[in-house]
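Participant: A predicted structure for the sequence below; I have some questions about it.
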Amino acid sequence: MARPRVRLVVTADDFGYCPRRDEGIVEAFLAGAVTSVSLLVNGAAAESAAELARRHRIPTGLHANLSEGRPVGPARYGPSSLLSPDGFFRGKMGFREAVAAGDVALSQVREELEAQLRRFRELVGRDPTHVDGHQHVHVLPGGPTPSWA
């Protein structure tokens, strides 16, 4: 009896964070050490990273982010439970504490994640191959199920 074929998937996240990181990730992909990437659509280099992914045909997923940088959705235009007073996401621990305290509006989480998915589609031109979370935001308790899941 033939044994089942096993495939190891190695995903490099934070693609789009900065050009130098992206260069290293592409080098690792081209060398065969990385098999896919997760794009941070609110990263400083998201547009150039998406171009690299298209050029090198890198399987690309969405790296959902609710903890670092600025939002891409409606929260960027006004007050939001997702943001600190300076208009940035609360940070890894700040977001976790706000979730635990019940201070995060799940409707705003949904809006931001849907906006990130739309931005991903704009940048990459297709749906993500997978979705994971920046700083493990996807494993926090009480999170919503995105409409694309």
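Facilitator: Thanks, I have the structure now. Small disclaimer: the values here were computed from a predicted structure and weren't measured.
Participant: distance of the nearest residue to Asp14 once chain neighbours are set aside from Asp22?
Facilitator: Leaving aside its chain neighbours, Asp14 sits nearest to Leu40 (5.5 Å; criterion: Cβ to Cβ, 6 or more residues apart in numbering). (C-beta placed from N, C-alpha, C; glycine too.) Using Cβ to Cβ, to the nearest Å, we find Leu40 at a distance of 10 Å from Asp22.
Participant: can you list residues touching both of these two?
Facilitator: 15-16, 49 (Cβ atoms under 8 Å, 6 or more residues apart in numbering).
Participant: need those in TSV with distance to Val34, neighbour count and secondary structure, can you?
Facilitator: Output for these, formatted as TSV (distance: Cβ to Cβ, whole Å; neighbours: other Cβ atoms under 10 Å; DSSP: H, G, I helix; E, B strand; the rest coil):
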residue	distance to Val34	neighbour count	secondary structure
Phe15	10	29	strand
Gly16	15	30	coil
Ala49	13	30	helix
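Participant: Look at Gly142 and report its pLDDT.
Facilitator: Note on Gly142: pLDDT of 53.
Participant: which SS class is Gly61?
Facilitator: strand (DSSP: H, G, I helix; E, B strand; the rest coil).
Participant: what sits against it?
Facilitator: Gly61 sits in contact with 11, 36-39, 128-132, where contact means Cβ under 8 Å, 6+ apart.
Participant: Taking the residues you listed, please make a PyMOL selection of just the buried ones.
Facilitator: Those of the contacts of Gly61 that count as buried under 16 or more other Cβ atoms under 10 Å are selected in PyMOL with:
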select buried, resi 11+36+37+38+39+128+129+131+132
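Participant: which of the contacts of Gly61 sit farthest apart?
Facilitator: The span of the contacts of Gly61, defined through Cβ to Cβ, is set by Val37 and Val131 at 12.7 Å.
Participant: Might you list the low-confidence residue ranges for this protein?
Facilitator: Applying pLDDT under 70 to the chain flags the ranges 1, 136, 138-149.
Participant: packing partners for the longest helix belonging to it?
Facilitator: What stands out as the longest helix in the chain, according to DSSP state H, is helix 106-124. Judged by 3 or more Cβ pairs under 8 Å, 6 or more residues apart in numbering; DSSP states H and E, helix 106-124 is in contact with strand 36-39, helix 46-56, strand 60-64.
Participant: run the last query once more with 10 Å
Facilitator: Under the contact criterion of 3 or more Cβ pairs under 10 Å, 6 or more residues apart in numbering; DSSP states H and E, helix 106-124 touches strand 36-39, helix 46-56, strand 60-64, helix 92-100, strand 131-133.
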